[in-house]
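S.K.: Sharing a model prediction with you, sequence too.
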Amino acid sequence: MEISELTAAEARVWEAYPRGRTVDFRPSPQDDPESGAGWGPERTLRAEVLSELLLDGPRREGQTPVLRVTGARISGRLDLQYADVAAPVHLWSCYFDDTLDLYGAQFRQLYLGRSVLPGLHAVALRVDGSLRMSGCRVRGPVRLGGARIAGPVFFDRAVLGEEGVDLSEPVLALHRATIDDDLQAGGFTAHGLVRLAGAVVAGSITFDDAVLDNPGGTALHASNLSGGADLHAVRLTARGRINMPGARIPGHLDFDSAHLSNPGGTALRASGLTGGTLWLDKAARIEGAVALRGAQLGLLHIAPEIWPDQVRLDGLTYTRLGPNEPAERRLEVLERDTEGYVPHAYEQLTAAYRGIGDDAAARTVQLAKLRRHRGTLSWWARAWGYLQDFTVGYGFRPGRAALWLLSLLLIGSVTYAVHHPRALKPDEAPEFDPVFYTLDLLLPIVGFGQEQAYAAQGAYQSLSYALIVMGWTLATTIAAGVTRAISRQ
């Protein structure tokens, strides 16, 4: 392209490019690119001129060409499909009339910060350095599926999509993308689906203060996402489902002070998640179901009041549970499981309490598990369960058994002290002792010789039969409870 064919604005850029100098068309740093549709020819660059410059622009010996443009309007469609762009590209606070097409292109570095675009088509993009879209406003979809970025990716303070406008595709598609550094999206706003399915991020992922807005749909789809460190979502607001089945986050998965909302659906689905810590401290009560089936965590930190009314926790495993709460409060959450009685959830909670040395809480959880299991049994098994619960608390309330024994011993001793049973062989019978006579009736194994030597009559004989039956029943339930408790140790 001949220099004489360029406009004054384009000539400035053409001259600055080989020297790597910045051309700033803004009248002031506060200039808003949202008004770029009204910018005149003094700030307008044709897309074909920029394409020609990047692919076959001038070079100066001893200097590195860089396209540095601030505050320009890019007219026409900037089409760099499959292009190999050696020079870094910095198009800052620019306004694009048409979608930027970078399908299959390769860049050294790409900066589009604070620019306004109708869309970005960059599937299979390759960037040797960083990709920066900080503060961008993109009305249409940003397609980065299968991209490979060697440096960090920045979407901090970017706004994608338009409120109330339903796109037929994700507003941000980073599925199967590979990022060899961090993904930074603090203060990011997305009106539509953000898709990170199958993406690999070597560093940390940040969505602090982000707003993911897709009510009634999926706000974040990150199945099989692989992170190299942490995922920070502090003060995240998500209206729609957070979907992370099979994701792998070895560090901190931090939803501190977050607000997750998807009424009538699932707010957080992280089945099969593998992570170091899932942290939901100070978060608002979750609106919508939470599914953590098969997730594996080192630490699960969530207060009971944050859990929603519906949970799915079968197969969830964790080494530690925080914050420290009474077992009764944690048990309320297990009772909300939509799958009904889930034995594994009770066993996992028991193990967590034992891990911190709170054996009393562990016993409380085990007792609650048996009571919940009782509801799934046949009528006769339920009856036997009620008896074990009433008498000895399934073996987890040993003090109750002692109370029963003492009560029955007191009743029998007082009764037979007043009304002595008849001696079967008066000449051979030992001296009658009402306490040991009652113990002989109550204890089916231990014998003191009183029961064989004396026999009550009438109503007192009926009492002796009752004491024998209750003694056998009590001994059986105690044995069953002790056996169960020992087997869990």
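M.R.: Ah, there it is.
S.K.: how about low-confidence regions in the stretch 201-350 of the chain?
M.R.: The model of the stretch 201-350 of the chain has no residue with pLDDT under 70.
S.K.: Which parts of it are helices?
M.R.: Counting by DSSP state H, counting those that start in this stretch, the segments of the stretch 201-350 of the chain that form helices are 327-334, 343-355.
S.K.: Now mean neighbour count and distance to A11 too, for these, in a markdown table please.
M.R.: Placement of C-beta: from N, CA and C, glycine included. What follows is the helices of the stretch 201-350 of the chain, written out as a markdown table (neighbours: other CB atoms under 10 Å; distance: least, CB to CB, whole Å):
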| stretch | mean neighbour count | distance to A11 |
| --- | --- | --- |
| helix 327-334 | 17 | 68 |
| helix 343-355 | 19 | 70 |
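S.K.: want to throw the ones you listed into CSV with distance to S130?
M.R.: CSV is the format used below for those (distance: least, CB to CB, whole Å):
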stretch, distance to S130
helix 327-334, 43
helix 343-355, 42
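S.K.: closest one to R108 among those?
M.R.: Each of the helices of the stretch 201-350 of the chain has some distance to R108 by CB to CB; the shortest is helix 343-355, at 50.1 Å.
S.K.: which outside residues touch the closest one?
M.R.: Contact with helix 343-355 is made by 313-321, 327, 330-331, 334, 337, 359, 361-362, 365-366, 368-369, 372-373, 488, as judged by CB atoms under 8 Å, 6 or more residues apart in numbering.
S.K.: Return the members of those classed as buried.
M.R.: Taking 16 or more other CB atoms under 10 Å as the criterion, what is buried in these is 313-318, 321, 327, 330-331, 334, 337, 361-362, 365-366, 368-369, 372.
S.K.: Can you tell me the closest non-neighbouring residue to G20?
M.R.: V66 (3.7 Å; CB to CB, 6 or more residues apart in numbering).
S.K.: so that neighbour makes contact with H90?
M.R.: Yes: counting by CB atoms under 8 Å, V66 does reach H90; the two are 6.8 Å apart.
S.K.: Next up, the contacts around the residue in the chain sticking out farthest from the centre.
M.R.: Distance from the centre of the chain peaks at D427, with 79.6 Å (CA atoms, centre = their mean). Listed by CB under 8 Å, 6+ apart, the contact set of D427 is empty.
S.K.: Please, where are all the strands along the stretch 251-400 of the chain?
M.R.: Per DSSP state E, counting those that start in this stretch, the stretch 251-400 of the chain carries strands over the ranges 259-269, 274-279, 287-291, 296-301, 311-312, 317-322.
S.K.: Present those as TSV; the columns should include distance to Q348.
M.R.: Output for the strands of the stretch 251-400 of the chain, formatted as TSV (distance: least, CB to CB, whole Å):
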stretch	distance to Q348
strand 259-269	18
strand 274-279	14
strand 287-291	15
strand 296-301	9
strand 311-312	13
strand 317-322	6
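S.K.: For the residue nearest to G20, give me its contacts.
M.R.: Residues counted as contacts of V66 (CB under 8 Å, 6+ apart) are Y17, G20, A87, P88, V89, H90.
S.K.: how does it look with 6 Å?
M.R.: By CB atoms under 6 Å, 6 or more residues apart in numbering, the contact set of V66 is G20, A87, P88.
S.K.: Touching, the first one and T64? I think so.
M.R.: Yes: here G20 lies in contact with T64, judged by CB atoms under 6 Å, at a distance of 5.5 Å.
S.K.: and the two? which has more neighbours close in?
M.R.: Legend: neighbour count by other CB atoms under 10 Å for G20 and T64, higher for G20 (16 against 13).
S.K.: Return the per-residue confidence for that one.
M.R.: On the pLDDT scale, G20 is placed at 91.
S.K.: Could you do D389 as well?
M.R.: Per-residue confidence at D389 stands at 65 (pLDDT).
S.K.: Going forward, count from 9.
M.R.: In the new count, where the first residue is 9, that last one comes out as D397.
S.K.: distance between stretch 336-350 and the chain's centre?
M.R.: 17 Å (CA atoms, centre = their mean, to the nearest Å).
S.K.: And for stretch 313-325?
M.R.: Its chain's C-alpha centre and that of stretch 313-325 lie 10 Å apart, by CA atoms, centre = their mean.
S.K.: do the same with stretch 285-297
M.R.: Stretch 285-297 sits 8 Å away from the centroid of its parent chain (CA atoms, centre = their mean).
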